[in-house]
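> Predicted coordinates and the sequence they were generated for:
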Amino acid sequence: MDFQFLLNIALSIIGTISGWLFKILWDAIVDLRKADDALIDKVAKIEIMVAGSYVTRDEFQKTVTAMFAKLDRIEDKIGQKADR
């Protein structure tokens with residue numbers, strides 16, 4: 001056996017191991033990208049759900065109007081008691 005033959009075998013083994021490691025890393029990166037996409041979809045659904053549950057301007061205005069009407073009634077009742 002000469003030196004060139006041993007060098008070729010060593011480089012073949014190193015190349016095979018390197019290729020196997022690169023394949024493992026590539027598969028891990030692909031799996032992480034899939035997991036990231038799934039998380040992005042979940043966050044987007046949460047954002048849509050939160051944005052959909054905000055009080056609309058009309059609902060808020062109706063609530064504020066009702067509250068002020070009750071406060072006015074309370075104020076009138078207090079004013080009537082103070083007048084007695």
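Structure's in. What do you need?
> quick one: the residue minimising distance to the centre of the chain and Ala69, what's the gap?
By Cα atoms, centre = their mean, the mean C-alpha position of the chain lies nearest to Val43, the distance being 2.7 Å. Look at Val43 and Ala69: by Cβ to Cβ, to the nearest Å, they are 41 Å apart. Where C-beta positions appear, they are placed from N, C-alpha and C, glycine not excepted.
> Now do whichever helix or strand Ala28 is part of, average pLDDT.
Taking DSSP states H and E as the definition, Ala28 sits inside helix 3-52. The pLDDT scores in helix 3-52 average 92.
> and the next element down the chain from it?
Counting by DSSP H and E, the next helix or strand C-terminal to helix 3-52 is helix 57-83.
> pLDDT on that following helix, on average?
So the average pLDDT for helix 57-83 ends up being 90.
> Which elements pack onto it?
Applying 3 or more Cβ pairs under 8 Å, 6 or more residues apart in numbering; DSSP states H and E, we find helix 57-83 packed against no helix or strand.
> Where do the domain boundaries of the protein fall?
Following automatic domain parsing, one finds the domains of the chain at 1-53, 54-84.
> for the helix holding Ala28, the distance to its chain's centre please.
23 Å (Cα atoms, centre = their mean, to the nearest Å).
> before we move on, back to that, would you mind measuring from the residue nearest to the centre of the chain to Asp37?
11 Å.
> what is in contact with those two at once?
Counting by Cβ atoms under 8 Å, 6 or more residues apart in numbering, Val43 and Asp37 have no shared contacts at all.
> burial measure for Asp2, as a count.
Asp2 has 6 neighbouring residues, counting by other Cβ atoms under 10 Å.
> Likewise for the one 10 residues further on?
Using other Cβ under 10 Å, Ser12 is surrounded by 10 other residues.
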